[in-house]
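Engineer: attaching a predicted model along with its sequence, questions to come.
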Amino acid sequence: IEDSDYNEYSLQDMKFHDLFFEFSRNVYLKKSYRLIRSLLAVLRLQLKLNKPHLKKSFDEHKQLIRALEKKDMEKSLAILDNHIGLHHESYWSDIANIIQKMKKA
């Protein structure tokens, strides 16, 4: 992020999510993620052009790691809800905005 290497950030972001689900110890969650992983990769290509989203995403990843290291599940779940929940300025909100722009083009 600091070096503005957004291609590299996108690759590392994908690895972060892959590892997150790999270490979840939930076979159903891992399988579900694998089913949608390629679709998410396409969407991430669009999001890498949204610099504020990348910064927010990176900050949330760091917060999540800190909360998990402290074994603070309540805080971890709150961070995840903020990161991927269906509300304003979340991952899905940003995706919805991209889809709207694509429809207008």
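Structural biologist: On my side now, so go ahead. Numbers count the residues shown, from 1 in each chain.

Engineer: mind listing the helices for this protein?
Structural biologist: Using DSSP state H, the helices assigned to the chain run over residues 6-22, 27-47, 51-69, 73-84, 91-104.

Engineer: could those helices be laid out in JSON lines, adding mean pLDDT and mean neighbour count?
Structural biologist: For the C-beta atoms, the positions are set from N, CA and C on the backbone; glycine is no exception. Formatted as JSON lines, these follow (pLDDT from 0 to 100; neighbours: other CB atoms under 10 Å):
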{"stretch": "helix 6-22", "mean pLDDT": "87", "mean neighbour count": "14"}
{"stretch": "helix 27-47", "mean pLDDT": "84", "mean neighbour count": "13"}
{"stretch": "helix 51-69", "mean pLDDT": "89", "mean neighbour count": "15"}
{"stretch": "helix 73-84", "mean pLDDT": "91", "mean neighbour count": "14"}
{"stretch": "helix 91-104", "mean pLDDT": "73", "mean neighbour count": "13"}
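
Engineer: contacting residues for K75?
Structural biologist: Contact analysis of K75 by CB atoms under 8 Å, 6 or more residues apart in numbering lists A67.

Engineer: now it: how far from Q12?
Structural biologist: 23 Å (CB to CB, to the nearest Å).

Engineer: leaving out chain neighbours, which residue sits closest to A41?
Structural biologist: Of all residues not flanking A41 in the chain, M14 sits nearest, at 6.3 Å (CB to CB, 6 or more residues apart in numbering).
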